[in-house]
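Colleague: Sharing a model that was predicted from the sequence below.
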Amino acid sequence: MGRLATAYRQAVALHRQALRRWEVARRALAAAGPAPVGSPELVARLARLGGELATPVPGTARAATHPVPVRLGEATTVDGGFPVLVPLGAGAHLAIDTDARDPRVGELLRAVVVRLLAAAPAGTVRVAGIDPAAFGAAFLPLRPLLDAGVLGPAATTVAETTALLDAAERHARTALAAAPEDRELLLVVAASAPPPRELARLAALTHAGPAAAVCVLLAGHRPAGPGEAPPLGATTQLRLNERYALVGDPPGRPFSADGSGLAAPVLLDGDPSHAAVTGLARRLGEAVRRATTVTFADLLPARRWAESSATGLRTVLGRAREQVTVSFDDATPHWLVGGRTGAGKTVFLLDVLYGLAARYSPAELQLFLLDFKEGVSFTEFVPTERDPSWLPHARAVGIESDREYGVAALRELRAELTRRADLLKRHGVSKLADLPPNARPPRIVTVVDEFHVLFAGNDPLARQAVDLIEELARKGRSYGLHLVLASQSTTGIEALYGRAEAIFGQFPLRVALPGGGGVLDPLNDAAKTLTLGTAVVNTAGGTAGADTEVHFPDAHAAAAELAALRHELFAARPAGARPPAVFRGYETPRLADDPAWAALAPGDEPPLALVGRTVDVAGSPAGFRLDASPGRHLAVIGTATSGVDVLRSAALSLARQHAPGTARFLFAPLAPGTTETADDLAMTLAAAGHPVRRLDAGALRTHLADLAAGSAPGTGRTYLVVFGMDAAAGALAATDPETFRSGHDDLRAVLRQGPAHGVHLLGWWRGLRRLAEDLGGSQNRDDVACLVALNVPAADLGLHLGVHDLGYAPRDGRALLVDRHEHRTALAVPFAADGDES
Ligand SMILES: Nc1ncnc2c1ncn2[C@@H]1O[C@H](COP(=O)(O)OP(=O)(O)OP(=O)(O)O)[C@@H](O)[C@H]1O
């Protein structure tokens, strides 16, 4: 910074010097009066002065803040010639009455462009060309500057010209809001006049003043009569005749006393040499590359985990002219990120996450990472077979998450909010930053990638998500909970039940990647021209004028560096650090691999029928406790054949909680294709020492009658496992000619009284209606209190349960668990069969 400030001060001093010389020259010319300059001494003096002025020290003139003298050509008098200079740069413009189809004009424009670029420090002038008349031909000799990135492609159509003017106006707004030393000059060169509307916009730029940091060179402008062309501000006018140019009075520094301009005809300068153009392009190109190339290493701090998160979190994102830092603090507690698919959203998030993780220890920062798209955005932060390390800051990671998982994670965060509110109250403070350091919990950054998925669908889940996000966004600032919502689509932002304003008003930091202008204000089109690897960072809720265009590095290209950093942070993790809770939406869990299965042991009371993992942050066991209350039975419902696996997991897990001989299992494989599973199960359990029996429909009927009569043999439990209860309907409907009881009567008796005697039914019904019939109507629905709904429409299930707004979308690999006694509903991932449990 010190060197920069010194360089800047030197540049300013040189500039002032140049201005003083300029003033001397101007006075000398003015003193010469309107008549051709007569005195040979004066000509000599002017020539000397002009010579000095025409060669300002290259790379020092701050044309972005003040006009600088630029040579146009040589004035001719009877006594000789002298160089003619006019002020050009911020707020000082040039107009020529002829367009660049006259070769002299093209040559002059190119000469001026090259001189201004050469005079100013590298990287402080950008050039934009307009040439509708000759399709950009005027700019062809400047091609090396295009390649160097200082000259944009020429606008030749109305649409291109409009886009260019949009960008120029945006540039002017940004410059007006920026500090003078941060301004860049935009040199707009029209080699021929655009159509009237665009011409008027161009003319307006000449009235914007030096702080807008725009300089217009406009050829083909004929201010002949009123209404012909819009009047220009602060412009030196040139008129061409057969041989010479007549130079009007430069703004603020007239040649003449009466407005007639320079009283000597001027021979305009010709094209700059090709060598001069290529040399300049090389120098500027290198400077542009130096200024904008940013590597992953640039984002990292010199020392790991050296920063405190007391007042906020900061990280380097990339660079504009200087390094760009972004924060989670009181001013920008939450971020909204937009970008079309492939725009670098994942890369941007990785840059931020690694930057933060390198600066703050896990005691200062924790991460919740939720991804709702098909992809692997956050996989590198969790242990895998190939790389068992993890990012020690990561607490919960959801990959290809279900919406239910998202809502569960947001609930977890809300619980954290409540805990922190209590903590703050106990310490009598209102902000995390005011807590004593030893009591201060880490800040939590929650990244939700493709967050619009959470809000998709006008359903209870979407409403819960909106409520939670709103609450977290509103209160998170004081409690150190920060949100980053990223999306490729702004439609999610609109579908917020009219609360978008209330919610996104809490997200002052907006990051627009290419195609992500939707996160900015509708009047802010700063993201329109972004290219891959750049983003607009706006700290004022997307309002125009608060934009910084940032270059950020491609984290994907630095995979080895990322892995090295991750391993370094992993190695430094605190003792006892636990890996993050991971939810992988695409994964099918297996009973034999599950920690909950491993933890089951004989004697567990009441025994747990384990069927899968709940879709929540901890991946907690999904199942039902089968105690002695009436109705503690399990119904699996739906035609999906995974119903067989659910029963199997339930039976296996129950068996694991009984010592041999304390539970018997009766298997009735009634649905087609279930015999093999039932036989396998029977063999497995028999091998473990449990009494087992195979039943057909008739035997089931008889056993139900026995069980209803309370004649269960001995002590211990009886589990009646029926694969296809609906297939027993015929057998159950028949009435016993002696007792006049039907199988249904016995079934219902067992459902009510069985649990008290240790008898539980685990049944798979392929349809909800059959279950209702077996129960004797939905008024008896509590007789089977534990349900696992597979592919059952939510509306039918809601009707059966008498629950409004169930919010369940049946899909493969998911089941809704309902415990009517505990008033519990949860989405679960059922275990898949793997045959390893024995
Ligand atoms: N700063 C950058 N510089 C150069 N290339 C980049 C940069 N950022 C991203 N890219 C490249 O762009 C491509 C897309 O990036 P990324 O995967 O981050 O996009 P995305 O927006 O997450 O896409 P999607 O939403 O489809 O997953 C990658 O090939 C990546 O290497």
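Modeller: Nice, I can see it.
Colleague: what stretches of this structure score poorly on pLDDT?
Modeller: Applying pLDDT under 70 to the chain flags the ranges 1-57, 224-228, 321, 375-376, 490-497, 711-715, 834-838.
Colleague: relative to its centroid, which residue of it is most remote?
Modeller: Going by C-alpha atoms, centre = their mean, the residue of the chain most distant from its centre is Glu738, 72.8 Å out.
Colleague: do you know how far that residue is from Thr702?
Modeller: Distance of Glu738 to Thr702, given as C-beta to C-beta, to the nearest Å: 13 Å. Bear in mind the C-beta positions are built from the backbone N, C-alpha and C, glycine included.
Colleague: so who does Arg319 touch?
Modeller: Taking C-beta atoms under 8 Å, 6 or more residues apart in numbering as the criterion, Arg319 is in contact with Ala291, Thr292, Val294, Asp298, Val550, His551.
Colleague: interface residues of this structure facing the ligand?
Modeller: 339, 341-347, 375, 488, 532-533, 552-554, 556-557 (C-beta under 6 Å from any ligand atom).
Colleague: Nearest residue to Leu700 in space, please, no chain neighbours.
Modeller: Leaving aside its chain neighbours, Leu700 sits nearest to Ala668 (4.7 Å; criterion: C-beta to C-beta, 6 or more residues apart in numbering).
Colleague: what about the strands in the stretch 601-750 of the chain?
Modeller: Under the criterion DSSP state E, counting those that start in this stretch, strands of the stretch 601-750 of the chain are mapped to 608-614, 621-625, 634-637, 663-669, 692-694, 717-723.
Colleague: Just say which of these is most tucked in.
Modeller: strand 634-637 (a mean of 28; mean count of other C-beta atoms under 10 Å).
Colleague: what packs against that one?
Modeller: helix 642-655, strand 759-765, helix 768-775, strand 786-789 (3 or more C-beta pairs under 8 Å, 6 or more residues apart in numbering; DSSP states H and E).
Colleague: now stretch 243-261: how far from the chain's centre is it?
Modeller: A distance of 55 Å separates the centroid of the chain from that of stretch 243-261, by C-alpha atoms, centre = their mean, to the nearest Å.
Colleague: buried set for it?
Modeller: Residues of stretch 243-261 classed as buried: 244-251, 253-256, 261 (neighbour count, 16 or more other C-beta atoms under 10 Å).
Colleague: cool, stretch 809-821 as well?
Modeller: Applying 16+ other C-beta under 10 Å to stretch 809-821 flags Ala809, Pro810, Gly813, Arg814, Ala815, Leu816, Leu817, Val818, Asp819, Arg820 as buried.
Colleague: Roughly how far does the fourth one sit from Pro830?
Modeller: What it means is Arg814. Plainly put, Arg814 is 8 Å away from Pro830 if you go by C-beta to C-beta.
Colleague: what kind of secondary structure is the residue of the stretch 1-150 of the chain found nearest the ligand in?
Modeller: Nearest residue of the stretch 1-150 of the chain to the ligand (C-beta to the nearest ligand atom) works out as Gly149 at 15.0 Å. Of the three states, Gly149 takes coil according to DSSP: H, G, I helix; E, B strand; the rest coil.
Colleague: The closest residue to it other than its chain neighbours: which element?
Modeller: Spatial nearest neighbour of Gly149, chain neighbours left out: Val288 (4.6 Å); criterion: C-beta to C-beta, 6+ apart. Secondary structure from DSSP states H and E places Val288 in helix 274-292.
Colleague: Can you mark which positions in that helix are buried?
Modeller: Val277, Leu280, Ala281, Arg283, Leu284, Gly285, Ala287, Val288, Ala291, Thr292.
Colleague: ok, which pair from the buried residues of stretch 809-821 is furthest apart?
Modeller: Across those, the longest distance by C-beta to C-beta is 24.2 Å; it joins Gly813 and Arg820.
Colleague: And Gly279, how far from Lys345?
Modeller: 40 Å.
Colleague: actually Val125, not the one I typed
Modeller: Counting by C-beta to C-beta - Val125 and Lys345 are separated by 32 Å.
Colleague: same check, this time on Leu299
Modeller: 17 Å.
Colleague: Centre-most residue in this protein?
Modeller: Short answer for the chain (C-alpha atoms, centre = their mean): Ala486, at 3.1 Å.
Colleague: Now for that residue: which residues touch it?
Modeller: By C-beta under 8 Å, 6+ apart, the contact list for Ala486 reads Leu336, Val337, Gly338, Gly339, Lys345, Leu349, Val447, Val448, Asp449, Glu450, Phe451.
Colleague: neighbours around Arg110, how many?
Modeller: If you count neighbours by other C-beta atoms under 10 Å, Arg110 ends up with 24.
Colleague: the inter-axis angle of the helix or strand hosting it versus helix 274-292?
Modeller: For Arg110, the host element (DSSP H and E) is helix 103-119. In terms of direction (axes from the mean of the first three to the mean of the last three C-alpha atoms, to 10 degrees), helix 103-119 departs from helix 274-292 by 40 degrees.
Colleague: Report all helices and strands that helix 103-119 contacts.
Modeller: Packed next to helix 103-119, using 3+ C-beta pairs under 8 Å, 6+ apart, are strand 67-77, strand 80-89, strand 93-96, strand 125-130, strand 185-190, strand 214-219, strand 266-268, helix 274-292.
Colleague: With respect to Thr325, which of these lies nearest?
Modeller: Closest among the helices and strands packed on helix 103-119, using C-beta to C-beta: helix 274-292, at 16.8 Å.
Colleague: What are the contacting residues of the closest one?
Modeller: Contacts of helix 274-292 (C-beta under 8 Å, 6+ apart): 110, 114, 117-118, 122-123, 141-142, 144-145, 147-150, 319, 321, 551.
Colleague: relative to strand 125-130, how tilted is that helix?
Modeller: 120 degrees.
Colleague: roughly how far is helix 274-292 from the heart of the chain?
Modeller: 34 Å.
Colleague: ok, now stretch 90-104?
Modeller: So, by C-alpha atoms, centre = their mean, the centroid of stretch 90-104 is 45 Å from its chain's centroid.
Colleague: Over to stretch 212-220?
Modeller: 37 Å.
Colleague: likewise stretch 803-822?
Modeller: Using C-alpha atoms, centre = their mean, the offset of stretch 803-822 from its chain centre is 31 Å.
Colleague: got the end-to-end distance for it?
Modeller: End-to-end distance for stretch 803-822, by C-alpha to C-alpha, to the nearest Å: 14 Å.
Colleague: repeat for stretch 269-276
Modeller: Start-to-end, stretch 269-276 (C-alpha to C-alpha) is 14 Å.
Colleague: Alpha carbons of stretch 529-539, in CSV - could you do that?
Modeller: Below are the C-alpha coordinates for stretch 529-539, written out as CSV (Å, rounded to 0.1, in the frame of the first residue of the first chain):
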residue,chain,number,x,y,z
THR,A,529,-21.4,-8.7,-19.5
LEU,A,530,-19.7,-11.0,-17.0
THR,A,531,-17.5,-13.8,-18.2
LEU,A,532,-16.6,-17.1,-16.6
GLY,A,533,-14.3,-16.5,-13.6
THR,A,534,-15.8,-13.1,-12.8
ALA,A,535,-18.6,-12.0,-10.5
VAL,A,536,-20.3,-8.8,-9.4
VAL,A,537,-20.1,-8.3,-5.7
ASN,A,538,-22.7,-5.8,-4.4
THR,A,539,-22.9,-4.9,-0.8
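Colleague: Many thanks, I have nothing further to ask.
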